[in-house]
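>>> got a predicted structure plus its sequence, pasted below:
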Amino acid sequence: MENSNKIIPPHLNAEVYRTDTTGACSISYLDYIRLHPDDGILIGCSELTGRYWNGGANLYKSVTEAQRSHSNEKRAISLTSGTADGCFVGNPSKVLLCEDSGAISIWTVSHNDSWKQWSEEKSVAEHDDSVLAVDCLQSEKEYVTAGADGNIKVWDINEMICIRNYLAAHSLAIHGVVVRPSSSACFATGSLDYSVTLWDENVSQPVLDLAKNSCGVRCLQWTDENCLIYGDEAGVMYLVDARKPETTIKLCEFPAAIHKLVVHTEAHKVAVCCDNKIVSVCELNENATQKVIYHDRHMHTNFVRDAAWDLMESKTLHTVGWDGEIKSHNITWDCE
C-alpha cells in the first residue's frame, strides 16, 4: 500500500458534516390526529431518527385524502422541533401546535392564497421543556397547555400571552390535560408524578387531588361531567368520580403502558392506544365495568400514537402511528 502524503485539515470532516444537508430528512412518525367538523384533518408528526429531530403538521380536507397523499406529500407546516400535540383554533384555516422546543405557535392559511401556503402568525416559548398537551377552554380565545417541565399555562391566544401560570404544578412531566365538559375554566391533568389533579383557572392552587396512582399517569379523558378515566405506565385503566375522589375503580389491564384514551361520549366507548401496535375499543357500562369489543394488532406495524372517532360515521375510528400510516377501523356494536 502506498503512503499518502496528502495533508487533510483536522477539522475537514466536521465541517463537511456540518454543512451537508443531503440525506438529512427522515421518515415522519405520526403522533396525533384531530378532526374538524368543517372537513378538516390535522395530523402532527415528528422525526425521531436522523441528524435533525424536526417535526411538522399536514392538513387535509378528508381522511381519504390524508390516506392517499400523506406519504408522498411535503409537510404543509414544517417545524424545527418535534410536535406532541396540536389542535384547530376555531376553523380549519387556523391551528395551534405544541413544540418540543417549549414553544406554542399559531399557524394560518389565507383562502385568497392560491398556493395555500401556511404561515406562522404568532409563536412564544415559555415552557422550559417540551409542550406535551393542549386543550381548549374557550374556543378561539383561551387554551391550556402542559409540558415536560411540570408547568401548566393558560393562554390568551389573541394576545399570545400567558394569563395563568402554574409553575411546578407537578413534580414530573405532565402528559395529559383535558378540559371538563361544559366548563370554560375547569380542567384536569395527569402526570408521571403519579397524580391526577383538578384545576380551575380562577384559582391559583389545585382545586382537588382526584387520584394518587401507583405509577406515572400517561393520559386521561372525561367520560361525562363528573367521571374521568386515566391510563398509566403499568397498562392499567382506571375510573374516578370527581364527586368522590377517594374511590378509584380499576377497569382494565393492557400489556403495555397506555399512551392515549379517546372517548366516544355518545356511544360510551373508549379507544385505547398503548405502547404497541394494538388498537382496542372498550365499552363503558353504567356499573363502571368494561368489556373489549374490538381488538386489532395487524393494521399498524409500529406503535399506535393517537385515534379519533369519525364525526359522520359514529362507528368508524381513525388511528395514526409511528409506521407513518393512517388507518380506519370499522367498529361493530349493538345499537342502544
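Sure thing, it's come through.
>>> going forward, measure contacts and count neighbours with C-alpha atoms only.
Noted.
>>> any figure for the gap between E233 and A308?
Using Cα to Cα, to the nearest Å, one obtains 22 Å as the distance from E233 to A308.
>>> and for E47?
Shown here: E47 relative to A308, a distance of 22 Å by Cα to Cα.
>>> mind listing the helices for the stretch 51-200 of the chain?
Secondary structure of the stretch 51-200 of the chain, counting by DSSP state H, counting those that start in this stretch: helices at 63-69.
>>> show me where it has strands.
Counting by DSSP state E, counting those that start in this stretch, residue ranges of the strands within the stretch 51-200 of the chain are 55-60, 77-79, 86-89, 91-98, 103-108, 119-125, 131-138, 142-147, 152-156, 161-166, 174-179, 186-191, 195-200.
>>> output these in JSON lines; the columns should cover mean pLDDT, distance to N302 and mean neighbour count.
Below are the strands of the stretch 51-200 of the chain laid out as JSON lines (pLDDT from 0 to 100; distance: least, Cα to Cα, whole Å; neighbours: other Cα atoms under 10 Å):
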{"stretch": "strand 55-60", "mean pLDDT": "93", "distance to N302": "18", "mean neighbour count": "22"}
{"stretch": "strand 77-79", "mean pLDDT": "93", "distance to N302": "23", "mean neighbour count": "18"}
{"stretch": "strand 86-89", "mean pLDDT": "97", "distance to N302": "22", "mean neighbour count": "25"}
{"stretch": "strand 91-98", "mean pLDDT": "95", "distance to N302": "23", "mean neighbour count": "21"}
{"stretch": "strand 103-108", "mean pLDDT": "96", "distance to N302": "28", "mean neighbour count": "21"}
{"stretch": "strand 119-125", "mean pLDDT": "95", "distance to N302": "31", "mean neighbour count": "14"}
{"stretch": "strand 131-138", "mean pLDDT": "98", "distance to N302": "21", "mean neighbour count": "24"}
{"stretch": "strand 142-147", "mean pLDDT": "98", "distance to N302": "25", "mean neighbour count": "26"}
{"stretch": "strand 152-156", "mean pLDDT": "98", "distance to N302": "31", "mean neighbour count": "22"}
{"stretch": "strand 161-166", "mean pLDDT": "96", "distance to N302": "35", "mean neighbour count": "16"}
{"stretch": "strand 174-179", "mean pLDDT": "98", "distance to N302": "21", "mean neighbour count": "26"}
{"stretch": "strand 186-191", "mean pLDDT": "98", "distance to N302": "25", "mean neighbour count": "25"}
{"stretch": "strand 195-200", "mean pLDDT": "97", "distance to N302": "29", "mean neighbour count": "22"}
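>>> which residues touch K122?
Shown in contact with K122 (Cα atoms under 8 Å, 6 or more residues apart in numbering): 105-107, 160.
>>> cool, and S101?
S101 makes contact with 81-82, 125, 129-131, according to Cα under 8 Å, 6+ apart.
>>> hmm, which two among these are most spread apart?
Greatest spatial distance among the contacts of S101 (Cα to Cα): G82 and A125, at 14.0 Å.
>>> about what we covered before: and of the strands of the stretch 51-200 of the chain, who's closest to Y294?
Smallest distance to Y294 across the strands of the stretch 51-200 of the chain (Cα to Cα): 24.4 Å, for strand 174-179.
>>> packing partners for the closest one?
In terms of contacts (3 or more Cα pairs under 8 Å, 6 or more residues apart in numbering; DSSP states H and E), strand 174-179 is packed against strand 131-138, strand 142-147, strand 186-191, strand 217-222.
>>> now that strand and strand 195-200, what's the angle there?
Here strand 174-179 points in a direction 40 degrees away from that of strand 195-200 (axes from the mean of the first three to the mean of the last three Cα atoms, to 10 degrees).
>>> what's the angle from strand 174-179 to strand 186-191?
Between the direction of strand 174-179 and that of strand 186-191, the angle (the same axes, to 10 degrees) works out to 170 degrees.
>>> may I have strand 174-179 as CSV, with CA atoms only?
As requested, C-alpha coordinates have been extracted for strand 174-179 and formatted as CSV (Å, rounded to 0.1, in the frame of the first residue of the first chain):
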residue,chain,number,x,y,z
ILE,A,174,-47.5,16.3,32.5
HIS,A,175,-48.6,14.1,29.7
GLY,A,176,-52.3,14.9,29.7
VAL,A,177,-54.6,17.9,30.1
VAL,A,178,-58.3,17.8,29.5
VAL,A,179,-61.0,20.5,30.0
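>>> between the contacts of S101, which sits nearest I326?
Lowest distance from I326 to the contacts of S101 (Cα to Cα) belongs to G82, with 18.7 Å.
>>> per-residue pLDDT, the closest one?
In the predicted model, G82 carries a pLDDT score of 94.
>>> for stretch 38-56, list every residue counted as buried.
When burial is assessed from 16 or more other Cα atoms under 10 Å, stretch 38-56 yields the following buried residues: 40-48, 53-56.
>>> show the contacting residues for the residue nearest to T265 when sequence neighbours are not counted.
Distances taken as Cα to Cα, 6 or more residues apart in numbering put T223 closest to T265, at 6.1 Å, once the chain neighbours are dropped. Remark: with contacts taken as Cα under 8 Å, 6+ apart, T223 is in contact with 229, 263, 265, 268.
>>> if we can go back for a sec, reformat the buried residues of stretch 38-56 as TSV; add distance to T197.
Formatted as TSV, those follow (distance: Cα to Cα, whole Å):
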residue	distance to T197
G40	32
I41	30
L42	28
I43	28
G44	27
C45	28
S46	29
E47	32
L48	31
W53	32
N54	32
G55	30
G56	30
